[in-house]
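Colleague: please work out how this folds:
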Amino acid sequence: MKSFENKVAAITGAGSGIGRALAYALARQGCHLALSDVNVEGLAETASRARQLGVQVTETRVDVADRGAMQAWADQVALDHGRVNLIFNNAGVAHAGTVEGSDFADYEWIMNINFWGVVNGTKAFLPHLKASGQGHVVNVSSVFGLFAQPGMSAYNATKYAVRGFTESLRQELDMEGCGVSASCVHPGGIKTNIAKTARMNDSLARVTGQAADQSRQQFHDQLLRTTPEKAAAVILRGVLRNKRRILIGSDALAADLMQRLLPGFYQRLVTASMRLAARFAPKPKGRALSAE
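Modeller: Numbers count the residues shown, from 1 in each chain. Have a look, this model is predicted:
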């Protein structure tokens, strides 16, 4: 794919963050849009502003964990727009807590959205992408799909799964030569609402030395550095270059290098740095409320 002009792109999680930034960036390049999210207010705002850029825009409330709804949406997009060239499986959530302190329901909740949402979107849209003759699957993993961290087992599991799923898909598409390709995106800290909306429990204090609310705020304030607009630009450039892996931010580049050079030893570095951070973490004033 050499250009997005007059193409049709479907984007999940388009109501805010990277999804919204992708919608605007694509619209400015003449790409028509099919947008979805569970946040109908944010979705409507994204769609309204994108229409002002002169492209056809449809919007649908879709829960990516609902396989039937995703299939119906994909079919409707193809019907409304005449074709589909790109699917951006961007919707995602976060959970933090230790393995022992997290419930099975926590793992099932995040897996249904972060992993099965990607699988549902890929399988629902893939036949339509092939029918267009020129298509691309863009699946959003994370820097935590490159390396693991204590207290993030649920999130790590989903993002590693997205990475493996997408890399296998890319190889299959390469072998088929069907005109469709795939890229896996690994963002570092992006300035979105994911930290504020993350599910966290106070078992995280065992590794951070902080209650959930404190960890959430610190993560948002100190680690989310790259703007969604910058992330969208990097993603779209990577798609046009047909890159297999798209890294966003210096933190993602550093994490990738660390894992490549120190595939086993990096875990010791992570735990040592977190122990040091926990030792000097500010102590809560009074009783902190856990968040979920």
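Colleague: settle this for me: residue 102 is touching residue 95, isn't it.
Modeller: Yes. The pair residue 102 / residue 95 is scored as a contact, 7.1 Å apart, by CB atoms under 8 Å. Bear in mind the C-beta positions are built from the backbone N, C-alpha and C, glycine included.
Colleague: these two: which is more packed in?
Modeller: More crowded of residue 102 and residue 95, by other CB atoms under 10 Å: residue 95, with 24 against 21.
Colleague: which of the residues in stretch 7-16 are buried?
Modeller: Buried positions in stretch 7-16, judged by neighbour count with 16 or more other CB atoms under 10 Å: 7-16.
Colleague: and if you look at stretch 125-143?
Modeller: For stretch 125-143, burial by neighbour count (16+ other CB under 10 Å) applies to 125-126, 128-129, 132, 135-143.
Colleague: could you do stretch 57-75 as well?
Modeller: For stretch 57-75, by 16+ other CB under 10 Å, it's 57-60, 62-67, 69-70, 73-74.
Colleague: for residue 183, see how far away the spatially most central residue of the chain is.
Modeller: Nearest to the mean C-alpha position of the chain, by CA atoms, centre = their mean, lies residue 140 at 3.9 Å. Distance, residue 140 to residue 183, by CB to CB, to the nearest Å: 10 Å.
Colleague: and residue 86, what does it touch?
Modeller: 1, 4, 7-10, 31, 129, 135-138, 239 (CB atoms under 8 Å, 6 or more residues apart in numbering).
Colleague: mind putting these into JSON lines with secondary structure and distance to residue 266?
Modeller: What follows is the contacts of residue 86, written out as JSON lines (DSSP: H, G, I helix; E, B strand; the rest coil; distance: CB to CB, whole Å):
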{"residue": "1", "secondary structure": "coil", "distance to residue 266": "35"}
{"residue": "4", "secondary structure": "coil", "distance to residue 266": "37"}
{"residue": "7", "secondary structure": "coil", "distance to residue 266": "39"}
{"residue": "8", "secondary structure": "strand", "distance to residue 266": "41"}
{"residue": "9", "secondary structure": "strand", "distance to residue 266": "35"}
{"residue": "10", "secondary structure": "strand", "distance to residue 266": "36"}
{"residue": "31", "secondary structure": "coil", "distance to residue 266": "38"}
{"residue": "129", "secondary structure": "helix", "distance to residue 266": "36"}
{"residue": "135", "secondary structure": "strand", "distance to residue 266": "36"}
{"residue": "136", "secondary structure": "strand", "distance to residue 266": "31"}
{"residue": "137", "secondary structure": "strand", "distance to residue 266": "29"}
{"residue": "138", "secondary structure": "strand", "distance to residue 266": "27"}
{"residue": "239", "secondary structure": "helix", "distance to residue 266": "29"}
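Colleague: least confident of those residues?
Modeller: Here the lowest pLDDT out of the contacts of residue 86 sits on residue 1, with 86.
Colleague: next up, the contacts around that one.
Modeller: 7, 85-86, 134-136, 181, 239-240, 242.
Colleague: mind redoing it with 10 Å?
Modeller: Neighbour list for residue 1: 7, 85-86, 134-136, 179-181, 239-242 [criterion: CB atoms under 10 Å, 6 or more residues apart in numbering].
Colleague: mind jotting down where the helices sit in the stretch 101-250 of the chain?
Modeller: Ranges of helices in the stretch 101-250 of the chain, per DSSP state H, counting those that start in this stretch, are 104-110, 116-132, 153-176, 194-197, 205-208, 212-222, 228-240, 250-261.
Colleague: does residue 263 belong to a helix or a strand, and which?
Modeller: Assigned by DSSP states H and E, residue 263 belongs to no helix or strand.
Colleague: look up how far residue 227 lies from it.
Modeller: According to CB to CB, residue 263 stands 31 Å off from residue 227.
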